[in-house]
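Peer 1: kindly return the folded structure for what I paste below:
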Amino acid sequence: MQALKEWAVVCRALEEGRQIVLLRKGGILEYRQGFKVKHDRFLLFPTYEHQSKDHLQADYANKLDEVLEDQPSTGTNRITSYAESIEVKEITDRITLRMLANYHIWNESYVNARMDYNPRKPMSVILLRVFKLERPILIENKQEWIGCRSWIPLDMDVGGRPIMDDLQFNTIASEVKGVLSIAA
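Peer 2: You can find the predicted model right below:
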């Protein structure tokens, strides 16, 4: 299973059920082609760079301190969850992104800043079903994983339990799909 690099605070929000969508534009190394969902199922690889309370919605900003306190020792990382991509939609409409604010932790200012980065590329909205691993995986970071790239080749298979039960997930997923269906 491959791994998707994502802010550790976003990984925490996904694991807590506070977030159900990812908003991705692609990193510096993906500037030209933009972000692509390359895998339907992937590990969530927490990263600790570039995170800031200034980018988070007020109700979740203080969670960043907790996430940073729990950071693994230098040179290692701890993977605690994986996700399945349920739906992917490319969005260029800021109104639609505002309508998705309850389903992620980024604040409007940061969403707009991400939209302004590489403005000809759309924002990928990825609806996820998240699973907590049976046991966390502690790994050593590799030099080739450093930098603003999204995907990391980790060849491992894992199992876990869903963060939300089927009824809760299907209810929230239906709401998100409703918003995405009206997007231009």
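
Peer 1: over to the closest residue to residue 145 other than its chain neighbours: give its phi and psi.
Peer 2: Counting by Cβ to Cβ, 6 or more residues apart in numbering, residue 152 is the residue found nearest to residue 145 once chain neighbours are left out, at 5.1 Å. In short, each C-beta sits where N, CA and C put it, glycine included. In terms of degrees, to the nearest 10, the main-chain angles of residue 152 are phi -120, psi 130.

Peer 1: likewise for residue 6?
Peer 2: The phi and psi torsions at residue 6 (degrees, to the nearest 10) take the values phi -150, psi 150.

Peer 1: and the closest residue to it other than its chain neighbours, how many neighbours?
Peer 2: Using Cβ to Cβ, 6+ apart and skipping the chain neighbours, the partner closest in space to residue 6 is residue 44 (5.7 Å). Neighbours of residue 44 under the rule other Cβ atoms under 10 Å: 24.

Peer 1: thought residue 4 was touching residue 44, still the case?
Peer 2: Yes. Look at residue 44 against residue 4 with Cβ atoms under 8 Å: they come within range, at 6.2 Å.

Peer 1: what do the two both touch?
Peer 2: residue 83 (Cβ atoms under 8 Å, 6 or more residues apart in numbering).

Peer 1: show me where this structure has its strands.
Peer 2: Taking DSSP state E to define them, one finds strands in the chain at 3-7, 21-24, 41-47, 76-91, 123-140, 151-152, 160-162.

Peer 1: average pLDDT across the first one?
Peer 2: Looking at strand 3-7 alone, the average pLDDT works out to 92.

Peer 1: which secondary structure elements does that strand contact?
Peer 2: strand 41-47, strand 151-152 (3 or more Cβ pairs under 8 Å, 6 or more residues apart in numbering; DSSP states H and E).

Peer 1: in contact with residue 9, which residues?
Peer 2: By Cβ under 8 Å, 6+ apart, the neighbours of residue 9 are 51, 56, 60, 63-64, 67, 105.

Peer 1: and the gap between the closest residue to residue 107 other than its chain neighbours and residue 106?
Peer 2: Nearest residue to residue 107 in three dimensions, chain neighbours excluded: residue 57, at 5.0 Å (Cβ to Cβ, 6+ apart). Counting by Cβ to Cβ, to the nearest Å, the gap between residue 57 and residue 106 amounts to 7 Å.

Peer 1: more neighbours, these two?
Peer 2: residue 106 (23 against 17).

Peer 1: which residues touch that one?
Peer 2: When contacts are taken as Cβ under 8 Å, 6+ apart, residue 106 is in contact with 23, 55-57, 114.
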